[in-house]
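[1] Show me the folded form of this:
(chains A and B)
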Amino acid sequence: DSGVTQTPKHLITATGQRVTLRCSPRSGDLSVYWYQQSLDQGLQFLIQYYNGEERAKGNILERFSAQQFPDLHSELNLSSLELGDSALYFCASSAQGTEAPYGYTFGSGTRLTVV
Amino acid sequence: AQTVTQSQPEMSVQEAETVTLSCTYDTSENNYYLFWYKQPPSRQMILVIRQEAYKQQNATENRFSVNFQKAAKSFSLKISDSQLGDTAMYFCAFMKPANNDMRFGAGTRLTVKP
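    Residues are numbered from 1 along each chain as shown, chains lettered A, B, ... in the order given. Alright, predicted model coming up:
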């Protein structure tokens, strides 16, 4: 157990629907990152939050949004889902402070299947 | 923007042998961090080894070591005495400390054969 908790582990939904993925960072970590990994591909950076505020945004679609709550958990909202959104969505967190020299701790991911 | 390139989509090695995975990156930064992550079939992302750009000494973690060539912007991973459990996707990653933005390469699928 890495300490980063993602729920649900698996999600199957239909095109056009909306889903919410949840992430609880490792205890004490203030930064949360979301990544998308499509089948047999690398990880694409979506968005980063630090202590409730958005810090960086990657190639995140307008149909996707995220937020980090006062208790530091984060949610990634995916709407108007398309078949191409099927992927493994990772959440990661990093240690307190504004730098993460030891990298991220990853959750086990949420496998989203859009049918 | 920083880019990370892993030029070997797939590699294989015999158990107990040594294998080297390549990674190059492009950046104008002088201070940064480099990582290798392992993703076994379970899909969990596991940190293998890290390197700080301002340190000349190559990092080592048991059977894993890196060859960091800053001028060449190269960061290869050497796995010694390969084990079946090393079979996984390996991702090279670059991170700027200014914003903790980590970018990954496309990955190398390593198969260790008995």
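[2] drop to CA atoms for contacts and neighbour counts, all remaining ones
    Will do.
[3] Wait, residue A:72 touches residue A:51, no?
    Yes. Taking Cα atoms under 8 Å as the definition, residue A:72 is a contact partner of residue A:51 at 6.6 Å.
[4] Could you pull out the residues contacting both of the two?
    With contacts taken as Cα atoms under 8 Å, 6 or more residues apart in numbering or on different chains, residue A:72 and residue A:51 have residue A:30 as neighbours in common.
[5] Can you pick out the residue with more neighbours from the two?
    With neighbours defined as other Cα atoms under 10 Å in any protein chain shown, residue A:72 and residue A:51 compare such that residue A:72 has more, 22 against 18.
[6] Confirm that one sits in a helix?
    No. Following the definition DSSP: H, G, I helix; E, B strand; the rest coil, residue A:72 is coil and is not counted among the residues of a helix.
[7] give me every residue that touches it.
    A:24, A:25, A:30, A:51, A:52.
[8] so the second one makes contact with residue A:32?
    Which is residue A:25. Yes. Using Cα under 8 Å, residue A:25 and residue A:32 qualify as a contacting pair, with a distance of 6.7 Å.
[9] Assign a three-state SS to residue A:16, would you?
    Here residue A:16 is coil, with the state taken from three-state DSSP.
[10] Please apply the same query to residue B:44.
    Following three-state DSSP, we place residue B:44 in the coil state.
[11] measure it to residue A:55 for me?
    From residue B:44 over to residue A:55 the distance is 25 Å, taken as Cα to Cα, to the nearest Å.
[12] repeat for residue A:17
    Here the criterion is Cα to Cα. By it, residue A:17 lies 28 Å from residue A:55.
[13] Between these two, which has more neighbouring residues?
    Summary of the neighbour comparison: residue A:17 and residue A:55, criterion other Cα under 10 Å, with residue A:55 having more neighbours (16 against 12).
[14] Which of the three states applies to the more buried one?
    Reduced to three states with three-state DSSP, the structure at residue A:55 is strand.
[15] Provide a list of residues in contact with it.
    For residue A:55, the residues meeting the contact criterion (Cα under 8 Å, 6+ apart) are A:47, A:48, A:49, B:99.
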